[in-house]
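Undergrad: have a look at this prediction, sequence included:
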There are 2 protein chains.
Amino acid sequence: MKNNFKFQNPTQLIFGKGTIAHLAQELPKNEKILVTYGGGSVKQNGVYEQVCRALQGFNYIEFWGIEPNPTVETLRKAIALGKQEKITYILAVGGGSVIDGTKLISAAIPYDGDAWDLVLKPSKIGKMVPFASVLTLPATGSEMNCGAVISNAEKKEKYAFYSSFPQFSILDPTVTFSLPDFQIACGIADTFIHVLEQYLTVTDESPLMDRWSEGIMQTLIELAPKIKADKTNYEMMAEFMLCATMALNGFTAMGVTEDWATHLIGHEITALHGITHGQTLAIVLQGTMQVMREQKKAKLLQFGERVFNILEGTEEQRIDKTIDACEQFFCAIGLVTKLHELNIGEETINTIKERFLSRGTRLGERGNIDGYVAEEILKKCL
Amino acid sequence: MKNNFKFQNPTQLIFGKGTIAHLAQELPKNEKILVTYGGGSVKQNGVYEQVCRALQGFNYIEFWGIEPNPTVETLRKAIALGKQEKITYILAVGGGSVIDGTKLISAAIPYDGDAWDLVLKPSKIGKMVPFASVLTLPATGSEMNCGAVISNAEKKEKYAFYSSFPQFSILDPTVTFSLPDFQIACGIADTFIHVLEQYLTVTDESPLMDRWSEGIMQTLIELAPKIKADKTNYEMMAEFMLCATMALNGFTAMGVTEDWATHLIGHEITALHGITHGQTLAIVLQGTMQVMREQKKAKLLQFGERVFNILEGTEEQRIDKTIDACEQFFCAIGLVTKLHELNIGEETINTIKERFLSRGTRLGERGNIDGYVAEEILKKCL
């Protein structure tokens, strides 16, 4: 371990079959609770019913309609309701978007100004309303970290935002059985690439963190075809749910250099075209690996060797095989890996380049991915 | 992931060179602090000086003399001092023994009866005094868990005890450079076997937890010879320190079946002969693997294959090679692997058998290791 670091993650995980009922014991008594939901799929899959049953006797109100890629426009309504009803605790019930949105609600209820201020200037965050979650979609890791991504529909912008951790998160894998195949595929890609953003930078910073990252990716490669064959395979869906949480809770990030260029370029595609996050990543990753292959050379070789068992050929050939293996993995789980398959072309690339140039964006582990390099990356993804 | 589980670990890790100075920012102000120490090695290696410098301006007193395998007899003195001085916060500065002892002090200061009651009946633990730690010896993982092992010198007994987590723990790898080689070897063995106690039970409970356990063991095997060659190799000592913490903080134990027979048999040897904990484990492990080889067969094969790359031979041959590989690993780091090398023989084995029989002890993942099986295990270690 080369680098100094600090680590803390206080979230309690409550994992397994039938755990939604634990809400009755885990939620604090004598609070005024806001329960936040997405678009209503929880009413089809039995989650809503289980939550209502557990919440009997609690003093709570509901807020519905936090959308995928939650917008500040929607969240402002929840914040206004929270202020009006003097909410003292929040329970997010949904996927990463509902939990992300809840993080902004938690910070903005006690804040006097507009919520978007807090996204742009996190130093303005003061007191926060404590919150917990019931997770319904494994993907973002939001259930066990303090990060969120918030969109501004009016400005077509999407930014990362950091507040506090859920006090506890309930993960019942059975609730994922009814997810659409595409959502599961996006969740697997998101999880895989969360790991890579913390791994595919430099070598020899920490052998243990490397092995833990590789362990998550190996597990995902092993379980993905089993889930594709049968998404009601409890053990595999549970393992995927565990991997998604462990991929972005800091456990593999201690003292290591991180990248996040693929994510931040992907966010622009989502902001401009509404493409699901995991799908954007599965496309952009190939371009990032191609364009940054010299800088990431040693780690790309290690990644290929340990995760895909690529041992033959010259270094350049092995890197090509590794990039291909990633692409094949995403195709096999049902995602596309090229922009043209989504009818996205040069115009979008140009818009993203101009946005990055105008904002002075510098991404990646060395801060050397600007608008021009992002353009180069995206052109590899056409 | 087959099984339901709960997980939470709130300890903040502050890791790296020069981090003892962070005490000045991290310790709460306006508390009456008890600083607990071991035998005084911190006065030779500069730790004491750094702690004193960071504590300038704090209201604190010191307690010295928590011994290896901390005894309730010593801890009672610290508890009496803590009660008398109305201590409201504790800082443990030392190895696992000092931190373990501090956990009992933390629980016993607010308790009216005798501290040994709390070891025997943890349900009697109520309010606890919050505490933090500065770790000087990587081994037990006590810096990031809520467990402790407390001895009773009068009764020659040694029991596990569970209280609360350190609020934060400072891990500066440079402080380990002055450790005796034997202590480092025992720390490596302790770490390795902590992982095995959580791993070497049944297969297919969680592919991810398996890989994370294997990752710690692979890392220890890789770093041990480098540390043996040069114990001032910062990166390797830091990696070892990280491994020791990660081996017993719950990160590899989510939803998995645990064993702990080797530890509990080892504790008896320590209680009877004062042998260092890690050394007892390096001996007992071979016996546990031999006697329980049928029950642990599938996991032993996976362990051999993934950690020691043992792929050739019949199943029984591969298990023999795996047990040999462990023994060679412990010998290579400088430990002995047989009881006779410590002049321990049949008499001790008989005492341990009788103790287990009289207590009705049933150890291991299936609770089928009683006094007779423990005797069989220990006879393999003669």
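TA: Received the coordinates, thanks. Numbering: from 1, shown residues only, chains lettered A, B, ... in the order given.

Undergrad: any idea how many residues pack against the closest residue in space to A:Phe7 that isn't next to it in sequence?
TA: Excluding its sequence neighbours, the residue lying closest to A:Phe7 (C-beta to C-beta, 6 or more residues apart in numbering or on different chains) is B:Leu13, at 4.4 Å. In this view, the C-beta of every residue, glycine as well, is placed from N, C-alpha and C. With neighbours defined by other C-beta atoms under 10 Å in any protein chain shown, the count for B:Leu13 comes to 26.

Undergrad: any idea how far B:Leu13 is from B:Asn249?
TA: B:Leu13 sits 9 Å away from B:Asn249 when distances are taken as C-beta to C-beta, to the nearest Å.

Undergrad: please apply the same query to A:Glu305.
TA: For A:Glu305, the distance to B:Asn249 (C-beta to C-beta) stands at 29 Å.

Undergrad: ok so, going back, helix/strand/coil for the residue nearest to A:Phe7?
TA: Per DSSP: H, G, I helix; E, B strand; the rest coil, the secondary structure class of B:Leu13 is strand.

Undergrad: could I get the contacting residues of A:Leu223?
TA: Counting by C-beta atoms under 8 Å, 6 or more residues apart in numbering or on different chains, A:Leu223 touches A:Met236, A:Glu239, A:Phe240, A:Cys243, B:Pro207.

Undergrad: among those, which ones are in helices?
TA: A:Met236, A:Glu239, A:Phe240, A:Cys243, B:Pro207 (DSSP state H).

Undergrad: among the residues you listed, the buried ones, what's the ChimeraX command?
TA: Buried subset of the ones in helices among the contacts of A:Leu223, written as a ChimeraX selection, criterion 16 or more other C-beta atoms under 10 Å in any protein chain shown:
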select /A:236,239,240,243 /B:207
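
Undergrad: any chance of TSV for the ones in helices among the contacts of A:Leu223, columns distance to A:Phe5 and pLDDT?
TA: Formatted as TSV, the ones in helices among the contacts of A:Leu223 follow (distance: C-beta to C-beta, whole Å; pLDDT from 0 to 100):
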residue	distance to A:Phe5	pLDDT
A:Met236	33	98
A:Glu239	27	98
A:Phe240	28	98
A:Cys243	22	98
B:Pro207	27	98
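
Undergrad: burial count for the residue lying closest to A:Ile221 once chain neighbours are set aside?
TA: Distance criterion C-beta to C-beta, 6+ apart; nearest residue to A:Ile221, sequence neighbours excluded, is A:Phe329 at 6.5 Å. Residues within reach of A:Phe329, counting by other C-beta under 10 Å, total 22.

Undergrad: tell me, what residue is most central in chain A?
TA: Note on chain A: the residue nearest the mean C-alpha position is A:Thr140, at 2.5 Å, using C-alpha atoms, centre = their mean.

Undergrad: so which helix or strand takes in it?
TA: Of the helices and strands defined by DSSP states H and E, none includes A:Thr140.

Undergrad: could you measure from it over to A:Ser133?
TA: 11 Å.

Undergrad: what do those two both touch?
TA: Common neighbours of A:Thr140 and A:Ser133 (C-beta under 8 Å, 6+ apart) are A:Ile99.

Undergrad: need the nearest residue in space to A:Ile369, chain neighbours excluded.
TA: Counting by C-beta to C-beta, 6+ apart, A:Ile369 lies nearest to A:Leu363, which is 4.0 Å off, once chain neighbours are set aside.

Undergrad: what sits against that neighbour?
TA: Counted by C-beta under 8 Å, 6+ apart, A:Leu363 has contacts A:Asp259, A:Trp260, A:Ala261, A:Leu264, A:Ile265, A:Phe356, A:Ile369, A:Asp370, A:Ala374.

Undergrad: again, only using 10 Å
TA: Under the criterion of C-beta atoms under 10 Å, 6 or more residues apart in numbering or on different chains, the contact list for A:Leu363 reads A:259-265, A:288, A:356, A:369-371, A:373-374, A:377.

Undergrad: still on that earlier bit, hmm, the residue nearest to the centre of chain A is touching A:Ala244, no?
TA: Yes. Between A:Thr140 and A:Ala244 there is a contact under C-beta atoms under 10 Å: 7.6 Å.

Undergrad: intersection of neighbour lists for these two?
TA: Both A:Thr140 and A:Ala244 are contacted by A:Gly96, A:Gly187, A:Asp190, A:Thr191, A:His194, under the criterion C-beta under 10 Å, 6+ apart.

Undergrad: could you name every residue contacting both of B:Leu13 and B:Asn249?
TA: B:Glu143, B:Met144.

Undergrad: partners of the helix-or-strand element of chain A with minimal mean pLDDT in the sheet?
TA: The weakest-scoring helix or strand in chain A, judged by mean pLDDT, DSSP states H and E, is strand A:157-162 (a mean of 89). Strand A:157-162 has these partner strands in its sheet, going by DSSP bridges: strand A:147-152 (antiparallel).

Undergrad: pLDDT (mean, whole number) over the partner strand?
TA: Per-region confidence: strand A:147-152 scores 94 on mean pLDDT.

Undergrad: mind checking how far that strand is from the chain centre?
TA: How far strand A:147-152 lies from its chain's middle: 10 Å, per C-alpha atoms, centre = their mean, to the nearest Å.

Undergrad: got the buried residues for it?
TA: A:Gly147, A:Ala148, A:Val149, A:Ile150, A:Ser151, A:Asn152.

Undergrad: any idea which of those is closest to chain B?
TA: A:Gly147 (17.7 Å; C-beta to the nearest C-beta).

Undergrad: can you get me a residue count around the closest residue to that closest one other than its chain neighbours?
TA: With sequence-adjacent residues excluded and distances taken as C-beta to C-beta, 6+ apart, A:Gly147 is closest to A:Tyr162, at 5.4 Å. A:Tyr162: 12 surrounding residues under other C-beta under 10 Å.

Undergrad: what helix or strand does A:Glu336 sit in?
TA: In this structure residue A:336 is Val, not Glu. Assigned by DSSP H and E, A:Val336 belongs to neither a helix nor a strand.

Undergrad: quick one: it and A:Lys321, what's the gap?
TA: Applying C-beta to C-beta, the value for A:Val336 to A:Lys321 is 21 Å.

Undergrad: one step back: in helices, which of the contacts of A:Leu363 appear?
TA: Judged by DSSP H, helices contain the following of these: A:Ala261, A:Thr262, A:His263, A:Leu264, A:Ile265, A:Thr288, A:Phe356, A:Gly371, A:Val373, A:Ala374, A:Ile377.

Undergrad: which one of those is nearest B:Ile79?
TA: A:His263 (51.2 Å; C-beta to C-beta).

Undergrad: what's the closest non-adjacent residue to the closest one?
TA: A:Glu197 (6.1 Å).

Undergrad: ok, that neighbour touching A:Lys296?
TA: No. With contact defined as C-beta under 10 Å, A:Glu197 and A:Lys296 do not form a contacting pair (11.7 Å).

Undergrad: check contacts around A:Phe168.
TA: Counting by C-beta under 10 Å, 6+ apart, A:Phe168 makes contact with A:10-14, A:22-23, A:26-27, A:91, A:131-134, A:143-144, B:6, B:8.
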